[in-house]
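Enquirer: When you get a sec, could you give me coordinates for this:
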Amino acid sequence: MKPTIYDVAKEANVSIATVSKVLNNTGRISEKTKNKVLQIMKELEYRPSGVAAALTGKRTYTVGVLVPDIANPFFAEVARELENNAHDLGYTIILCSTDYQIEREHDYLELLLKKQVDGIIIATESRNINKFRNLQNRNIPCVLFSIDHLSLDSHVVTTDDIRGGYLAGRYLLEKGHRNFAIITEPQRASGRLRLEGFKQSLIDESVNMENVFIVEAKSKIEEAKKAARQIFNLENKPTAVFATTDLIAAVFIIEARKAGVSIPQDLSIIGYDNTIHAELSDPGLTTIAQPIEELASYSIQKLLHSIESPDSPVHRILLAPTLVERESVRDLNITKLNQ
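Expert: Alright, predicted model coming up:
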């Protein structure tokens, strides 16, 4: 049975009120008594209840994190960085993965409220914005991560996805490619913005948009497989593919090998995120890198600032992506020179 505050008080031969004062660092207590109580807590492995603290208006030092899919390596790596940052500042996180299901999102929001979290980092794009407004009405500090809702008065921490898509398109153009396929997540604003940026790079070079084939797919293995097969079956095959997440790109490379398509000799591909998939892919995946450590650090900082100062102004932080070159894109200019 877990030790209680009563057990601590009895073992230390003090009142429950004294133990409470030690826990909350209030009142006038001698150093000798304080150290004695703390030592007993350590010996009994006593941990105060977060819910009990919340009921007395105290912080629980917990933060909720809501992501669409923890199987996506981008969100897995983000969660790890958020946890590391939170831990360094004395907080723990409760991670909830919705698997893109609106009902599960609502259930997790209710769970986080019941757990009396001090704040929530939200990376899901809900179709029911009222649920998030309800958090604000209840004065629950929130940070929107990699998403933005202009109707919500919350901190936003994200990457410039239009710029990222533009970088991907410009890089492929510089490598001599003019026929493209794009696999994107239309249900996420990030996917739409990356697509917009990619298209703009082609417009700037007067590339015919009819030479672009667009496939819609969530960043999930089965959907990525299906998208890859669609591209392999095209009559007019592209020379390069832009996948708006590394997971989609990594699956594409595996499916290409199964189909006898050589990457990058037969078909080039560029991804987005620079997750572990990009490094482990064979060949290594050229990709647009999101600054994951910075995104996580800013998110925790802004959330804790909102917890400390609820009336402080909110900020929208837009970080710049960068291109990481590996071996998955063929330079067609070299091929032309050798002909």
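
Enquirer: quick one: contacts of the helix or strand that His87 is a member of?
Expert: Following DSSP states H and E, one finds His87 within helix 73-88. When contacts are defined by C-beta atoms under 8 Å, 6 or more residues apart in numbering, helix 73-88 is touched by residues 63, 65, 67-70, 92-93, 95, 97, 121, 123, 145, 219, 245-247, 273, 275-277, 290, 292-293, 295-297, 299-301. Where you see a C-beta, it was placed from the backbone N, CA and C, and this is true even at glycine.

Enquirer: could you flag which of these are buried?
Expert: By neighbour count, with 16 or more other C-beta atoms under 10 Å, the contacts of helix 73-88 hold 63, 65, 67-70, 93, 95, 97, 121, 123, 145, 219, 245-247, 273, 275, 277, 290, 292, 295-297, 299-301 as buried.

Enquirer: Okay, now the unreliable bits of the stretch 201-339 of the chain?
Expert: For the stretch 201-339 of the chain, the stretches with pLDDT under 70 are 335-339.

Enquirer: list the helices and strands the helix or strand hosting Gly165 packs on?
Expert: Using DSSP H and E, Gly165 maps to helix 161-174. Contacts defined by 3 or more C-beta pairs under 8 Å, 6 or more residues apart in numbering; DSSP states H and E place helix 161-174 against helix 189-204, strand 240-243, strand 268-273, strand 286-289, strand 322-324.

Enquirer: With only the CA atoms kept, save the third one in PDB.
Expert: Put plainly, it is strand 268-273. This file holds the C-alpha atoms of strand 268-273, laid out as PDB (Å, rounded to 0.1, in the frame of the first residue of the first chain):
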ATOM      1  CA  SER A 268      14.600  10.500 -56.900                       C
ATOM      2  CA  ILE A 269      12.800  11.300 -53.600                       C
ATOM      3  CA  ILE A 270      13.000  14.100 -51.000                       C
ATOM      4  CA  GLY A 271      11.300  14.000 -47.600                       C
ATOM      5  CA  TYR A 272      10.400  16.400 -44.800                       C
ATOM      6  CA  ASP A 273      11.300  16.400 -41.100                       C
END
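
Enquirer: Please give me every residue in contact with Lys226.
Expert: Lys226 sits next to Ala217 when contact means C-beta under 8 Å, 6+ apart.

Enquirer: Before I go, just wanted to say thanks for your time.
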